[in-house]
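Participant: pasted the sequence and its predicted model underneath.
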Amino acid sequence: MIQDSIADCLTRVRNASMADKDQVSVAHSKIKEEVLQILKREGFLGSVEVVQDTKSPNKKTLVATIKYRKSGKPRLEHIKRVSKPGLRVYSQAPKKLSVRSGLGLQILTTSKGIMTDREAMEKKLGGEVICELW
């Protein structure tokens, strides 16, 4: 049984990009779908689709397409889970971009939904830091 489904999702995306796979599939949840949609919006993933399982109609799967640079390297170089079930990490409203001096980003879950650190800075919101990536 998976203890941290978000960490599993991030690990699957990282492993698929390092193994030069075209797609990765993970079990569906709303939070994973929102995180993958942010990765798509920021240019790390090509597409994110929700696929209905043919065998059991109640199960859904997320299928994400990995994006690569012209050189063949994955756009997603590093992704790390920050807040874990055993140690939650919270951030106040960011005053400046801290991940790789603004070249990377953090994904936060706030009272207004899941967003990047840039969006949280504009809206002056803090929250739980899900992950950081570049």
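Facilitator: Now that the structure is in, tell me what you want to look at.

Participant: quickly list the domain ranges of this structure.
Facilitator: 5-66, 79-133 (automatic domain parsing).

Participant: start and end of the last one, how far apart?
Facilitator: Think domain 79-133. 4 Å (CA to CA, to the nearest Å).

Participant: so what's Val51 up against?
Facilitator: 25, 60-63 (CB atoms under 8 Å, 6 or more residues apart in numbering). Using the backbone N, CA and C atoms, a C-beta is placed for each residue, glycine as well.

Participant: before we move on, the earlier item: of the domains of the chain, give the one that comes closest to Lys73.
Facilitator: Lys73 sits nearest to domain 5-66 of all those, at 9.1 Å, using CB to CB.

Participant: residue nearest the middle of this structure, spatially speaking?
Facilitator: Nearest residue to the geometric centre of the chain (CA atoms, centre = their mean): Val35, 3.9 Å.

Participant: that older thread, PyMOL command for the buried members of the contacts of Val51?
Facilitator: Command for PyMOL, covering only those of those found buried under the criterion 16 or more other CB atoms under 10 Å:
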select buried, resi 62
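
Participant: am I right that Val99 is in contact with Cys131?
Facilitator: No: contact status for Val99 versus Cys131: not in contact, 10.1 Å apart, counting by CB atoms under 8 Å.

Participant: what about the helices in the protein?
Facilitator: Ranges of helices in the chain, per DSSP state H, are 5-18, 30-41, 117-123.

Participant: check the gap between the nearest residue in space to the residue nearest to the centre of the chain that is not next to it in sequence and Lys59 for me.
Facilitator: Leaving out its chain neighbours, the residue that sits closest to Val35 by CB to CB, 6 or more residues apart in numbering is Ile107, at 5.9 Å. With distances taken as CB to CB, to the nearest Å, Ile107 is found 25 Å from Lys59.
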